[in-house]
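[1] Sequence isn't available, so here's the structure alone:
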């Protein structure tokens, strides 16, 4: 669930979203997009929670890898469907991870 | 729920965590820490979701503001209790937000 340690610096995409009530086929598309993201060059890992409101953070080696994923044809289709059918609102923030720390019992 | 637009660049702290089963007084402390964070200098906003696994992203004007909050006496106490009682594991990532975009229906 918690993504591993990566070599600093790396990049994070923080995607926060509020879904519309009617969520036809959302889960299926969300799962298939995550599976597709995982095999993209430069993908490092991701963390995701939804409880009505959702936050997904994905980690990448570079901004170039993020840009490439954002313009992947299947991802562009999902983005359009997301705006049309699934999301009431969302925010995307592209970040450079400058430091990290981990705790485990 | 979704934090507003801030002037670029700003900073994000991505806190991902897995709680232990026994969560005595967790919610109370988590709420009081968020209330305290909100009145710190340089705090911009926060987004948080928990569904077993949790992600909280807080936004700050500067790294200095983040460091100050991390060493706030009440926050230090909460951090110790968190490691001792509440968290199985967690990750903290300090990020510079380089770009953002928003969608709203």
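    Thanks, I have it. What you see is a predicted model; the values in this text were computed from it and never measured. Numbers count the residues shown, from 1 in each chain, chains lettered A, B, ... in the order given.
[2] Quick check: residue A:14 touching residue B:59?
    No - the criterion here is C-beta atoms under 8 Å, and residue A:14 misses it with residue B:59 at 9.6 Å. Placement of C-beta: from N, CA and C, glycine included.
[3] hey, what's in contact with both of the two?
    residue B:12 (C-beta atoms under 8 Å, 6 or more residues apart in numbering or on different chains).
[4] what about chain A, any weak spots by pLDDT?
    A:1, A:22-24 (pLDDT under 70).
[5] Please, where are all the strands along it?
    A:10-19, A:43-51, A:53-60, A:87-104 (DSSP state E).
[6] in chain A, what residue is nearest chain B?
    residue A:95 (3.6 Å; C-beta to the nearest C-beta).
[7] Tell me if I'm right that that residue and residue A:11 touch.
    Yes - contact criterion C-beta under 8 Å: residue A:95 and residue A:11 qualify, at 6.6 Å.
[8] Neighbour count: the two, which is higher?
    Just comparing residue A:95 and residue A:11: by other C-beta atoms under 10 Å in any protein chain shown the higher neighbour count belongs to residue A:95, 26 against 22.
[9] May I have the beta-bridge partners of the more buried one?
    residue A:12, residue B:97 (DSSP bridges).
[10] Check the gap between residue A:28 and residue B:51 for me.
    In this view, residue A:28 and residue B:51 are 19 Å apart by C-beta to C-beta, to the nearest Å.
[11] List the buried residues for the longest helix along chain A?
    Criterion DSSP state H: the longest helix present in chain A is helix A:26-38. Within helix A:26-38, the residues scored as buried using 16 or more other C-beta atoms under 10 Å in any protein chain shown are A:26, A:29-30, A:33, A:37.
[12] Could you confirm whether it reaches chain B?
    No - counting by C-beta under 8 Å from any C-beta of the partner chain, chain B is not contacted by helix A:26-38; separation bottoms out at 14.0 Å.
[13] Pull the number of nearby residues for the nearest residue to residue A:10 once chain neighbours are set aside.
    Once flanking residues are discounted, residue A:10 sits nearest to residue A:97: 5.1 Å by C-beta to C-beta, 6 or more residues apart in numbering or on different chains. For residue A:97, the neighbour count with other C-beta under 10 Å is 21.
[14] And residue A:51, by the same measure?
    Neighbours around residue A:51, by other C-beta under 10 Å: 12.
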